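Participant: Sequence first, then the predicted structure:
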Amino acid sequence: MVKNMGKADKVIRIILAAIGLLLFSTQIIYGVIGIVIFILSIIFIITAILGFCPLYILFGIKTNKE
């Protein structure tokens, strides 16, 4: 698994995930949309930690400068 995410991409994903988890945990967003945002937030955190996004391979994107 080759890392294909840069630092800025990781930071943006972590911030979006934190916002999504905050909105879900405070029940500002709830129901089906809340669950979808919660799952996307978890995926964003995992991909940011790993530095690898499978969708980037499909679209040929690489934000890692190395």
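Facilitator: Looks like it arrived, so ask away.
Participant: which one is residue 23 nearest to, not counting chain neighbours?
Facilitator: Nearest non-adjacent residue to residue 23, counting by CB to CB, 6 or more residues apart in numbering: residue 29, 4.5 Å away. Every residue, glycine included, has its C-beta placed from N, CA and C.
Participant: I'd like the distance between the one you found and residue 38.
Facilitator: 9 Å (CB to CB, to the nearest Å).
Participant: Quick one: distance of the host helix or strand of residue 35 to the chain centre.
Facilitator: Using DSSP states H and E, residue 35 sits within helix 31-50. Counting by CA atoms, centre = their mean, to the nearest Å, helix 31-50 is centred 6 Å from the centre of its parent chain.
Participant: What residues of it count as buried?
Facilitator: 34, 37-38, 41, 44-45, 47-48 (16 or more other CB atoms under 10 Å).
Participant: for the helix or strand just after that helix, the distance to its chain's centre please.
Facilitator: Using DSSP H and E, the helix or strand that follows helix 31-50 in sequence is helix 54-59. Taking CA atoms, centre = their mean, the mean C-alpha location of helix 54-59 is offset from the chain mean by 14 Å.
Participant: Then stretch 14-25?
Facilitator: Taking CA atoms, centre = their mean, one finds stretch 14-25 lying 10 Å from the centre of the chain it belongs to.
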